[in-house]
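# Dropping the sequence and predicted coords here.
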Amino acid sequence: MHIRALEENDLIHIHELNNKLNVMAYWFEEPYESLSELKSLYQKHIYDETERRFVIIKDGQFAGIIELVEIDYIHRNCEIQVIVKEEFQGEGLAQEAMEKGINYAFQILNLHKVFLYVDTENEGAVHIY
């Protein structure tokens, strides 16, 4: 498993995840986003220094996404988010991706704090965090 920067051609996979109610509920966001809207947001945020988005790759396949958002360089903190596609869940990818995302935040961005919000009913996520 490795992570790499999100590219525009990955948006079709993000679109699939963003349109699943059970997935977006864990991110406390509304599902059902159009691909056109997603592409527009990608273009709008491509140079945004307060975000870093990575895709999780397993055996050459898109397996999920890990994001550092709300990056605050003054207070040196950010929020982290992760989604692993259902067919890749249970393989430890979320935990490994979290470690890589946190290491990136601390070692590359030189932040001091990484936080997240989690639905306490999402037992798998609570276990990882």
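Alright, I've got the coordinates. Residues are numbered from 1 along each chain as shown.

# Low-confidence bits of the chain, can you list those?
For the chain, the stretches with pLDDT under 70 are 19-33, 124-125, 127.

# I'd like the distance between the residue nearest the centre of it and residue 75.
By C-alpha atoms, centre = their mean, the chain has its centre lying nearest to residue 66, at 2.6 Å. Residue 66 sits at a distance of 21 Å from residue 75 (criterion: C-beta to C-beta, to the nearest Å). In this view, the C-beta of every residue, glycine as well, is placed from N, C-alpha and C.

# related to what we said a few turns ago, doesn't the residue nearest to the centre of the chain belong to a helix?
No: judged by DSSP: H, G, I helix; E, B strand; the rest coil, residue 66 forms no part of a helix; its state is strand.

# these two touch, right, it and residue 102?
No: counting by C-beta atoms under 8 Å, residue 102 is not a contact partner of residue 66; they are 9.6 Å apart.

# and for the two, which residues touch both?
residue 80 (C-beta atoms under 8 Å, 6 or more residues apart in numbering).

# hang on, the earlier thing: what sits opposite the residue nearest to the centre of the chain in the beta ladder?
Beta-bridge pairing of residue 66 under DSSP bridges involves residue 54, residue 82.
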